[in-house]
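> What follows is a predicted protein model with its sequence.
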Amino acid sequence: EPGLLDALIGALADGEPQVRRQAVPGLGMVNSPRAIEPLVGALKDSDPDVRRFAAGALNWRDAAAAVDLLRPLLGDTNAMVRSSIAMDLAEGGSEEAWKVLAAMMRGPEDEMAASSSIRFMTGLKEPRITGWLLEALRDPLARRYAGQIVEALGARKDTGAVDPLLDLLKGSGPVEVRTSVIRALAELGDKRAVDPLVAQLKEKDRALRMAAVEALGRLKDGRALEPLRAMAGNKDDALRFNVCQALCSLGDRQAWDSLLAFSTNRQAYLRDSVVEAVSATGDPRAVEFLAGTLDNRRILHWGGPGAIGSLAKTGDPRASKRLLALLGEERCDCQRNVIEALAELRCTEAVEPLIEALKRGPRVLRGALADALGRIGDGRAVEPLIQALKDRHCYVREAAADALGKLKDRRAIEPLRALQNDWHLRVVR
(Lines give C-alpha, C1' and ligand atoms only; values in the text may rest on other atoms or scores of the structure.)
Protein backbone atom coordinates (compact mmCIF):
# COMPACT_ATOMS: atom_id res chain seq x y z
CA GLU A 1 0.00 0.00 0.00
CA PRO A 2 1.93 3.11 -1.20
CA GLY A 3 2.31 5.71 1.53
CA LEU A 4 0.69 3.53 4.20
CA LEU A 5 3.72 3.44 6.53
CA ASP A 6 4.27 7.20 6.40
CA ALA A 7 0.57 7.82 7.00
CA LEU A 8 0.58 5.59 10.09
CA ILE A 9 3.74 7.20 11.48
CA GLY A 10 2.20 10.62 10.91
CA ALA A 11 -0.99 9.56 12.71
CA LEU A 12 1.04 8.94 15.89
CA ALA A 13 1.59 12.70 16.14
CA ASP A 14 -2.14 13.45 15.94
CA GLY A 15 -3.60 15.33 18.89
CA GLU A 16 -6.62 13.00 19.09
CA PRO A 17 -5.88 9.86 21.19
CA GLN A 18 -8.37 7.76 19.19
CA VAL A 19 -6.39 8.39 15.99
CA ARG A 20 -3.14 7.32 17.69
CA ARG A 21 -4.82 4.21 19.10
CA GLN A 22 -5.90 3.15 15.62
CA ALA A 23 -2.47 3.81 14.11
CA VAL A 24 -0.47 1.66 16.53
CA PRO A 25 -1.92 -1.78 15.61
CA GLY A 26 -1.47 -0.92 11.93
CA LEU A 27 2.21 -0.15 12.48
CA GLY A 28 2.57 -3.44 14.29
CA MET A 29 1.38 -5.27 11.16
CA VAL A 30 3.47 -3.47 8.55
CA ASN A 31 6.45 -5.49 7.35
CA SER A 32 9.10 -2.76 7.64
CA PRO A 33 11.88 -2.05 10.17
CA ARG A 34 10.90 1.63 9.96
CA ALA A 35 7.81 0.80 12.04
CA ILE A 36 9.81 -0.09 15.15
CA GLU A 37 11.14 3.32 16.26
CA PRO A 38 7.69 5.01 16.19
CA LEU A 39 6.28 2.11 18.22
CA VAL A 40 9.05 2.48 20.81
CA GLY A 41 8.25 6.20 21.01
CA ALA A 42 4.56 5.39 21.55
CA LEU A 43 5.48 3.57 24.78
CA LYS A 44 5.74 7.05 26.36
CA ASP A 45 2.46 8.36 24.94
CA SER A 46 0.21 10.26 27.37
CA ASP A 47 -2.71 7.94 26.54
CA PRO A 48 -2.55 4.58 28.40
CA ASP A 49 -4.27 2.70 25.58
CA VAL A 50 -1.66 3.91 23.09
CA ARG A 51 1.12 2.74 25.46
CA ARG A 52 -0.60 -0.62 25.89
CA PHE A 53 -1.22 -1.15 22.17
CA ALA A 54 2.37 -0.17 21.33
CA ALA A 55 3.73 -2.65 23.85
CA GLY A 56 1.53 -5.39 22.41
CA ALA A 57 2.64 -4.58 18.86
CA LEU A 58 6.35 -4.69 19.77
CA ASN A 59 5.92 -7.94 21.68
CA TRP A 60 4.05 -9.48 18.74
CA ARG A 61 6.76 -8.46 16.26
CA ASP A 62 9.69 -9.77 18.33
CA ALA A 63 9.03 -10.89 21.91
CA ALA A 64 12.72 -11.40 22.80
CA ALA A 65 13.78 -7.96 21.57
CA ALA A 66 10.83 -6.29 23.35
CA VAL A 67 11.63 -7.50 26.89
CA ASP A 68 13.99 -4.66 27.90
CA LEU A 69 11.68 -2.08 26.29
CA LEU A 70 8.58 -3.31 28.12
CA ARG A 71 10.01 -4.03 31.59
CA PRO A 72 9.88 -0.37 32.79
CA LEU A 73 6.13 -0.33 32.05
CA LEU A 74 5.53 -2.90 34.83
CA GLY A 75 5.52 0.19 37.08
CA ASP A 76 3.15 2.20 34.88
CA THR A 77 0.58 4.34 36.69
CA ASN A 78 -2.26 2.68 34.75
CA ALA A 79 -3.38 -0.76 35.96
CA MET A 80 -4.44 -1.95 32.50
CA VAL A 81 -0.99 -1.11 31.11
CA ARG A 82 0.74 -2.95 33.99
CA SER A 83 -1.54 -5.96 33.51
CA SER A 84 -1.01 -6.07 29.75
CA ILE A 85 2.79 -5.76 30.01
CA ALA A 86 2.93 -8.38 32.76
CA MET A 87 0.98 -10.83 30.59
CA ASP A 88 3.40 -10.29 27.70
CA LEU A 89 6.50 -10.72 29.87
CA ALA A 90 5.18 -13.60 31.99
CA GLU A 91 4.96 -15.79 28.91
CA GLY A 92 8.72 -15.29 28.56
CA GLY A 93 9.30 -16.37 32.17
CA SER A 94 9.73 -12.98 33.88
CA GLU A 95 9.48 -13.49 37.66
CA GLU A 96 8.81 -9.78 38.16
CA ALA A 97 5.85 -10.03 35.78
CA TRP A 98 4.41 -13.00 37.68
CA LYS A 99 4.50 -10.99 40.90
CA VAL A 100 2.60 -8.14 39.24
CA LEU A 101 -0.06 -10.54 37.99
CA ALA A 102 -0.43 -12.25 41.38
CA ALA A 103 -0.81 -8.86 43.10
CA MET A 104 -3.30 -7.68 40.48
CA MET A 105 -6.01 -9.96 41.92
CA ARG A 106 -5.66 -8.44 45.38
CA GLY A 107 -6.04 -4.94 46.70
CA PRO A 108 -7.91 -1.99 45.22
CA GLU A 109 -6.85 -2.59 41.61
CA ASP A 110 -8.67 -1.65 38.43
CA GLU A 111 -11.43 -4.24 38.02
CA MET A 112 -10.88 -4.70 34.29
CA ALA A 113 -7.13 -5.19 34.78
CA ALA A 114 -7.70 -7.74 37.54
CA SER A 115 -10.21 -9.65 35.41
CA SER A 116 -7.80 -9.67 32.47
CA SER A 117 -5.02 -11.03 34.68
CA ILE A 118 -7.23 -13.82 36.03
CA ARG A 119 -8.33 -14.81 32.52
CA PHE A 120 -4.73 -14.83 31.34
CA MET A 121 -3.49 -17.04 34.17
CA THR A 122 -6.34 -19.50 33.81
CA GLY A 123 -4.87 -21.36 30.85
CA LEU A 124 -1.17 -21.31 31.78
CA LYS A 125 0.74 -24.29 33.17
CA GLU A 126 2.66 -22.36 35.83
CA PRO A 127 2.08 -24.59 38.94
CA ARG A 128 1.97 -21.67 41.39
CA ILE A 129 -1.12 -20.16 39.80
CA THR A 130 -3.61 -22.39 41.66
CA GLY A 131 -2.06 -21.34 44.98
CA TRP A 132 -2.23 -17.66 44.02
CA LEU A 133 -5.88 -18.01 43.03
CA LEU A 134 -6.77 -19.76 46.31
CA GLU A 135 -4.86 -17.12 48.29
CA ALA A 136 -6.74 -14.35 46.48
CA LEU A 137 -10.03 -16.12 47.19
CA ARG A 138 -9.35 -15.77 50.93
CA ASP A 139 -8.51 -12.08 50.63
CA PRO A 140 -11.46 -9.80 51.59
CA LEU A 141 -10.26 -7.19 49.08
CA ALA A 142 -10.63 -9.71 46.23
CA ARG A 143 -14.25 -10.64 46.96
CA ARG A 144 -15.54 -8.72 43.96
CA TYR A 145 -13.54 -11.11 41.75
CA ALA A 146 -14.49 -14.25 43.72
CA GLY A 147 -16.78 -15.69 41.05
CA GLN A 148 -14.17 -15.27 38.32
CA ILE A 149 -11.41 -16.71 40.52
CA VAL A 150 -13.55 -19.76 41.26
CA GLU A 151 -14.27 -20.30 37.55
CA ALA A 152 -10.54 -20.00 36.84
CA LEU A 153 -9.82 -22.72 39.41
CA GLY A 154 -12.26 -25.01 37.64
CA ALA A 155 -10.87 -24.25 34.19
CA ARG A 156 -7.31 -25.07 35.33
CA LYS A 157 -8.35 -28.69 36.03
CA ASP A 158 -6.19 -28.79 39.16
CA THR A 159 -7.86 -31.22 41.58
CA GLY A 160 -5.96 -29.60 44.43
CA ALA A 161 -8.70 -26.97 44.37
CA VAL A 162 -11.53 -29.47 45.03
CA ASP A 163 -11.51 -29.44 48.85
CA PRO A 164 -11.26 -25.63 49.17
CA LEU A 165 -14.13 -25.30 46.69
CA LEU A 166 -16.28 -27.82 48.59
CA ASP A 167 -15.67 -25.85 51.80
CA LEU A 168 -16.81 -22.72 49.99
CA LEU A 169 -19.96 -24.50 48.79
CA LYS A 170 -20.91 -25.46 52.35
CA GLY A 171 -20.70 -21.87 53.51
CA SER A 172 -23.32 -19.16 53.32
CA GLY A 173 -21.58 -16.97 50.76
CA PRO A 174 -23.29 -15.10 47.92
CA VAL A 175 -25.39 -17.25 45.59
CA GLU A 176 -23.39 -16.01 42.59
CA VAL A 177 -20.15 -17.31 44.09
CA ARG A 178 -21.64 -20.65 45.14
CA THR A 179 -23.09 -21.07 41.64
CA SER A 180 -19.60 -20.48 40.23
CA VAL A 181 -18.25 -23.09 42.68
CA ILE A 182 -20.72 -25.66 41.35
CA ARG A 183 -19.67 -24.95 37.76
CA ALA A 184 -15.99 -25.18 38.73
CA LEU A 185 -16.56 -28.56 40.41
CA ALA A 186 -18.21 -29.79 37.21
CA GLU A 187 -15.15 -28.65 35.24
CA LEU A 188 -12.81 -30.45 37.64
CA GLY A 189 -14.81 -33.67 37.24
CA ASP A 190 -13.86 -35.06 40.65
CA LYS A 191 -16.29 -37.61 42.09
CA ARG A 192 -15.85 -36.22 45.60
CA ALA A 193 -18.23 -33.48 44.51
CA VAL A 194 -21.19 -35.79 43.72
CA ASP A 195 -22.81 -36.02 47.17
CA PRO A 196 -22.38 -32.30 47.98
CA LEU A 197 -23.92 -31.48 44.59
CA VAL A 198 -26.87 -33.81 45.21
CA ALA A 199 -27.44 -31.90 48.44
CA GLN A 200 -27.65 -28.67 46.41
CA LEU A 201 -30.73 -30.04 44.61
CA LYS A 202 -32.70 -29.25 47.77
CA GLU A 203 -31.59 -25.63 47.97
CA LYS A 204 -34.32 -22.98 47.85
CA ASP A 205 -32.45 -20.84 45.34
CA ARG A 206 -33.32 -21.80 41.76
CA ALA A 207 -29.91 -20.82 40.33
CA LEU A 208 -28.15 -23.23 42.70
CA ARG A 209 -30.50 -26.09 41.79
CA MET A 210 -30.10 -25.41 38.07
CA ALA A 211 -26.31 -25.36 38.32
CA ALA A 212 -26.25 -28.54 40.43
CA VAL A 213 -28.42 -30.43 37.91
CA GLU A 214 -26.12 -29.44 35.06
CA ALA A 215 -23.00 -30.35 37.05
CA LEU A 216 -24.35 -33.79 38.00
CA GLY A 217 -25.13 -34.48 34.36
CA ARG A 218 -21.53 -33.71 33.47
CA LEU A 219 -20.08 -35.84 36.28
CA LYS A 220 -22.08 -38.89 35.08
CA ASP A 221 -22.17 -40.67 38.42
CA GLY A 222 -24.97 -43.16 39.07
CA ARG A 223 -25.56 -41.79 42.57
CA ALA A 224 -27.28 -38.81 40.97
CA LEU A 225 -29.79 -40.86 38.93
CA GLU A 226 -32.62 -41.22 41.46
CA PRO A 227 -32.35 -37.67 42.91
CA LEU A 228 -32.59 -36.31 39.36
CA ARG A 229 -35.51 -38.57 38.41
CA ALA A 230 -37.36 -37.18 41.43
CA MET A 231 -37.16 -33.73 39.78
CA ALA A 232 -38.34 -34.81 36.31
CA GLY A 233 -41.91 -33.69 36.97
CA ASN A 234 -41.01 -30.16 38.06
CA LYS A 235 -43.32 -27.45 36.68
CA ASP A 236 -40.40 -25.16 35.88
CA ASP A 237 -39.75 -25.77 32.14
CA ALA A 238 -36.11 -24.66 32.23
CA LEU A 239 -35.30 -26.75 35.29
CA ARG A 240 -37.07 -29.76 33.79
CA PHE A 241 -35.10 -29.31 30.56
CA ASN A 242 -31.81 -29.39 32.50
CA VAL A 243 -32.97 -32.49 34.38
CA CYS A 244 -33.86 -34.29 31.12
CA GLN A 245 -30.48 -33.40 29.65
CA ALA A 246 -28.65 -34.61 32.77
CA LEU A 247 -30.61 -37.87 32.82
CA CYS A 248 -29.78 -38.49 29.14
CA SER A 249 -26.11 -37.95 29.95
CA LEU A 250 -26.43 -40.53 32.71
CA GLY A 251 -27.84 -43.05 30.23
CA ASP A 252 -31.52 -42.86 31.18
CA ARG A 253 -33.11 -43.73 27.82
CA GLN A 254 -36.60 -42.82 29.05
CA ALA A 255 -35.54 -39.16 29.25
CA TRP A 256 -34.74 -38.98 25.50
CA ASP A 257 -38.29 -38.39 24.28
CA SER A 258 -38.86 -35.83 27.02
CA LEU A 259 -35.79 -33.92 25.87
CA LEU A 260 -36.85 -33.91 22.21
CA ALA A 261 -40.28 -32.63 23.18
CA PHE A 262 -38.66 -29.29 24.07
CA SER A 263 -38.03 -28.65 20.34
CA THR A 264 -41.67 -27.47 20.20
CA ASN A 265 -41.65 -25.66 23.55
CA ARG A 266 -43.35 -22.24 23.64
CA GLN A 267 -40.14 -20.65 24.96
CA ALA A 268 -37.70 -19.90 22.13
CA TYR A 269 -34.52 -20.20 24.20
CA LEU A 270 -35.45 -23.76 25.19
CA ARG A 271 -36.11 -24.70 21.57
CA ASP A 272 -32.72 -23.23 20.68
CA SER A 273 -31.05 -25.27 23.41
CA VAL A 274 -32.35 -28.66 22.25
CA VAL A 275 -29.82 -28.99 19.42
CA GLU A 276 -26.83 -28.51 21.69
CA ALA A 277 -28.37 -30.63 24.44
CA VAL A 278 -29.08 -33.57 22.12
CA SER A 279 -25.54 -33.58 20.73
CA ALA A 280 -24.04 -33.43 24.23
CA THR A 281 -25.82 -36.63 25.30
CA GLY A 282 -23.66 -38.81 23.05
CA ASP A 283 -26.74 -40.87 22.17
CA PRO A 284 -26.47 -42.65 18.76
CA ARG A 285 -29.90 -41.26 17.87
CA ALA A 286 -28.50 -37.72 17.96
CA VAL A 287 -27.25 -37.85 14.34
CA GLU A 288 -30.73 -38.59 12.99
CA PHE A 289 -32.28 -35.77 15.01
CA LEU A 290 -29.58 -33.23 14.10
CA ALA A 291 -29.75 -34.09 10.40
CA GLY A 292 -33.51 -33.70 10.58
CA THR A 293 -33.20 -30.17 11.94
CA LEU A 294 -31.32 -29.18 8.78
CA ASP A 295 -34.29 -30.29 6.66
CA ASN A 296 -36.64 -28.07 8.62
CA ARG A 297 -36.43 -24.48 7.37
CA ARG A 298 -37.83 -23.03 10.61
CA ILE A 299 -35.40 -24.95 12.80
CA LEU A 300 -32.50 -24.27 10.39
CA HIS A 301 -33.05 -20.56 10.95
CA TRP A 302 -32.51 -20.67 14.71
CA GLY A 303 -30.68 -23.97 15.25
CA GLY A 304 -28.60 -24.32 12.08
CA PRO A 305 -25.15 -23.26 13.38
CA GLY A 306 -25.51 -25.42 16.48
CA ALA A 307 -26.78 -28.45 14.55
CA ILE A 308 -24.00 -28.15 11.98
CA GLY A 309 -21.28 -27.92 14.62
CA SER A 310 -22.80 -30.76 16.60
CA LEU A 311 -23.01 -32.99 13.53
CA ALA A 312 -19.29 -32.46 12.94
CA LYS A 313 -18.47 -33.54 16.49
CA THR A 314 -20.27 -36.87 16.02
CA GLY A 315 -17.78 -38.02 13.36
CA ASP A 316 -20.61 -40.04 11.82
CA PRO A 317 -20.36 -40.68 8.01
CA ARG A 318 -24.02 -39.70 7.66
CA ALA A 319 -23.09 -36.23 8.88
CA SER A 320 -20.67 -35.65 5.97
CA LYS A 321 -23.32 -36.47 3.37
CA ARG A 322 -25.87 -34.13 4.92
CA LEU A 323 -23.38 -31.27 5.26
CA LEU A 324 -22.18 -31.69 1.68
CA ALA A 325 -25.77 -31.23 0.53
CA LEU A 326 -25.87 -27.88 2.38
CA LEU A 327 -22.62 -26.53 0.90
CA GLY A 328 -23.55 -23.67 -1.40
CA GLU A 329 -27.28 -24.05 -0.80
CA GLU A 330 -28.87 -20.61 -0.97
CA ARG A 331 -31.41 -21.17 1.77
CA CYS A 332 -28.64 -22.01 4.22
CA ASP A 333 -27.09 -18.84 5.63
CA CYS A 334 -24.68 -20.88 7.76
CA GLN A 335 -22.07 -21.53 5.06
CA ARG A 336 -19.09 -20.75 7.28
CA ASN A 337 -20.36 -23.29 9.82
CA VAL A 338 -20.77 -25.89 7.05
CA ILE A 339 -17.22 -25.27 5.80
CA GLU A 340 -15.74 -25.57 9.30
CA ALA A 341 -17.76 -28.72 9.98
CA LEU A 342 -16.53 -30.43 6.80
CA ALA A 343 -12.96 -29.58 7.84
CA GLU A 344 -13.59 -30.98 11.31
CA LEU A 345 -14.80 -34.24 9.72
CA ARG A 346 -11.75 -34.36 7.37
CA CYS A 347 -14.28 -34.96 4.59
CA THR A 348 -12.29 -35.76 1.42
CA GLU A 349 -15.54 -35.82 -0.62
CA ALA A 350 -15.76 -32.09 0.08
CA VAL A 351 -12.38 -31.21 -1.48
CA GLU A 352 -13.59 -30.52 -5.05
CA PRO A 353 -16.64 -28.47 -3.99
CA LEU A 354 -14.46 -26.49 -1.57
CA ILE A 355 -11.89 -25.81 -4.31
CA GLU A 356 -14.61 -24.50 -6.61
CA ALA A 357 -15.94 -22.29 -3.83
CA LEU A 358 -12.40 -20.98 -3.15
CA LYS A 359 -12.10 -19.89 -6.78
CA ARG A 360 -15.48 -18.17 -6.99
CA GLY A 361 -16.78 -17.65 -3.47
CA PRO A 362 -17.17 -14.33 -1.63
CA ARG A 363 -14.22 -12.80 0.18
CA VAL A 364 -15.77 -13.37 3.60
CA LEU A 365 -15.66 -17.14 3.01
CA ARG A 366 -12.43 -17.60 1.03
CA GLY A 367 -10.23 -17.53 4.12
CA ALA A 368 -12.37 -20.19 5.80
CA LEU A 369 -12.32 -22.28 2.59
CA ALA A 370 -8.51 -22.15 2.41
CA ASP A 371 -8.25 -23.11 6.07
CA ALA A 372 -10.65 -26.04 5.56
CA LEU A 373 -8.65 -27.40 2.62
CA GLY A 374 -5.50 -27.30 4.72
CA ARG A 375 -7.14 -29.15 7.59
CA ILE A 376 -8.60 -31.86 5.35
CA GLY A 377 -5.08 -32.49 4.02
CA ASP A 378 -5.78 -33.60 0.46
CA GLY A 379 -3.08 -32.94 -2.19
CA ARG A 380 -5.66 -31.84 -4.75
CA ALA A 381 -5.86 -28.53 -2.91
CA VAL A 382 -2.20 -27.55 -3.41
CA GLU A 383 -2.45 -25.75 -6.77
CA PRO A 384 -5.69 -23.88 -5.94
CA LEU A 385 -4.15 -22.75 -2.65
CA ILE A 386 -1.02 -21.55 -4.47
CA GLN A 387 -3.30 -19.43 -6.65
CA ALA A 388 -5.00 -18.09 -3.51
CA LEU A 389 -1.61 -16.69 -2.39
CA LYS A 390 -2.26 -13.97 -4.99
CA ASP A 391 -5.65 -12.98 -3.54
CA ARG A 392 -6.00 -9.22 -3.06
CA HIS A 393 -7.21 -9.71 0.52
CA CYS A 394 -4.44 -10.28 3.07
CA TYR A 395 -6.44 -12.62 5.30
CA VAL A 396 -7.11 -14.95 2.36
CA ARG A 397 -3.37 -14.96 1.54
CA GLU A 398 -2.59 -15.67 5.19
CA ALA A 399 -5.05 -18.60 5.35
CA ALA A 400 -3.73 -20.03 2.06
CA ALA A 401 -0.13 -19.86 3.27
CA ASP A 402 -1.04 -21.54 6.55
CA ALA A 403 -2.97 -24.28 4.69
CA LEU A 404 -0.02 -24.97 2.36
CA GLY A 405 2.21 -25.33 5.41
CA LYS A 406 -0.12 -28.02 6.73
CA LEU A 407 -0.15 -29.86 3.38
CA LYS A 408 3.69 -30.04 3.33
CA ASP A 409 3.90 -30.24 -0.47
CA ARG A 410 7.19 -29.03 -2.01
CA ARG A 411 5.35 -27.39 -4.90
CA ALA A 412 4.46 -24.61 -2.48
CA ILE A 413 8.04 -23.70 -1.49
CA GLU A 414 8.82 -21.16 -4.22
CA PRO A 415 5.37 -19.49 -4.20
CA LEU A 416 5.66 -19.10 -0.43
CA ARG A 417 9.17 -17.66 -0.69
CA ALA A 418 7.85 -15.09 -3.16
CA LEU A 419 5.38 -13.98 -0.48
CA GLN A 420 8.07 -13.09 2.06
CA ASN A 421 8.00 -9.48 0.88
CA ASP A 422 4.23 -9.13 1.37
CA TRP A 423 3.34 -5.80 3.02
CA HIS A 424 1.26 -7.52 5.70
CA LEU A 425 3.35 -9.02 8.52
CA ARG A 426 0.73 -11.66 9.35
CA VAL A 427 1.08 -13.03 5.82
CA VAL A 428 4.89 -13.02 6.09
CA ARG A 429 4.74 -15.01 9.31
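That came in fine, so what should we check first? Numbers count the residues shown, from 1 in each chain.
> give me the number of residues near L185?
For L185, the count of nearby residues is 30 (other C-beta atoms under 10 Å). Glycine gets a C-beta too; all of them are placed from N, C-alpha and C.
> let me redo that: T159
Using other C-beta under 10 Å, T159 has 12 other residues around it.
> F120 - nearest residue in space that isn't next to it in sequence?
M87 (4.7 Å; C-beta to C-beta, 6 or more residues apart in numbering).
> Quick one: low-confidence residue ranges for the stretch 151-300 of the chain.
Counting by pLDDT under 70, the ranges of the stretch 151-300 of the chain that qualify are 282, 295-300.
> That one: helices as residue ranges?
162-170, 175-188, 194-200, 206-219, 225-229, 237-249, 255-260, 268-281, 286-293, 297-314 (DSSP state H, counting those that start in this stretch).
> For the helix or strand harbouring Q148, buried residues please.
Here Q148, judged by DSSP states H and E, is contained in helix 146-155. Along helix 146-155, these residues count as buried under the neighbour rule (16 or more other C-beta atoms under 10 Å): A146, G147, Q148, I149, V150, E151, A152, L153, G154.
> what's the spacing between it and its chain's center?
Taking C-alpha atoms, centre = their mean, to the nearest Å, one finds the center of helix 146-155 at 16 Å from the center of the full chain.
> same question, stretch 218-233
Distance, centroid of stretch 218-233 to centroid of chain: 30 Å (C-alpha atoms, centre = their mean).
> Identify each buried residue in that stretch, please.
Within stretch 218-233, the residues that count as buried by 16+ other C-beta under 10 Å are R218, L219, K220, D221, A224, L225, P227, L228, M231, A232.
> Also stretch 276-293?
For stretch 276-293, a neighbour-count test (16+ other C-beta under 10 Å) marks A277, V278, S279, A280, T281, D283, A286, V287, F289, L290, A291, T293 as buried.
> my guess is the fourth one meets Q245, correct?
Put plainly, it is A280. Yes: if you go by C-beta atoms under 8 Å, A280 and Q245 touch, sitting 7.1 Å apart.
> which residues does the nearest residue to A388 once chain neighbours are set aside contact?
Of all residues not flanking A388 in the chain, A400 sits nearest, at 3.7 Å (C-beta to C-beta, 6+ apart). Counting by C-beta atoms under 8 Å, 6 or more residues apart in numbering, A400 touches A370, L385, I386, A388, L389, D391.
> go again using 10 Å as the cut-off
Residues near A400 by C-beta atoms under 10 Å, 6 or more residues apart in numbering: 358, 366-367, 369-371, 373-374, 381, 384-391, 412, 415-416, 419, 427.
> Please tell me I have it right and A255 contacts F262.
No: using C-beta atoms under 10 Å, A255 makes no contact with F262, being 11.3 Å away.
> So what would you say the end-to-end distance of stretch 214-228 is?
Stretch 214-228 has an end-to-end distance of 10 Å (criterion: C-alpha to C-alpha, to the nearest Å).
> let me fix that: stretch 36-54
10 Å.
> Give me the buried entries from the contacts of A400.
Looking at these with 16+ other C-beta under 10 Å, the buried ones turn out to be 358, 366-367, 369-371, 373-374, 381, 384-386, 388-389, 391, 412, 415, 419, 427.
> Walk me through the regions of the stretch 1-150 of the chain where pLDDT falls short of the threshold, as ranges.
Low-confidence segments of the stretch 1-150 of the chain (pLDDT under 70): 1-2, 107-109.
> can you do 80?
Residue ranges of the stretch 1-150 of the chain with pLDDT under 80: 1-2, 105-111, 141-144.
> those helices in it, which residues are they?
Taking DSSP H, counting those that start in this stretch as the test, the helices found in the stretch 1-150 of the chain are 4-11, 17-29, 36-42, 48-61, 63-70, 79-90, 95-104, 111-122, 128-137, 146-155.
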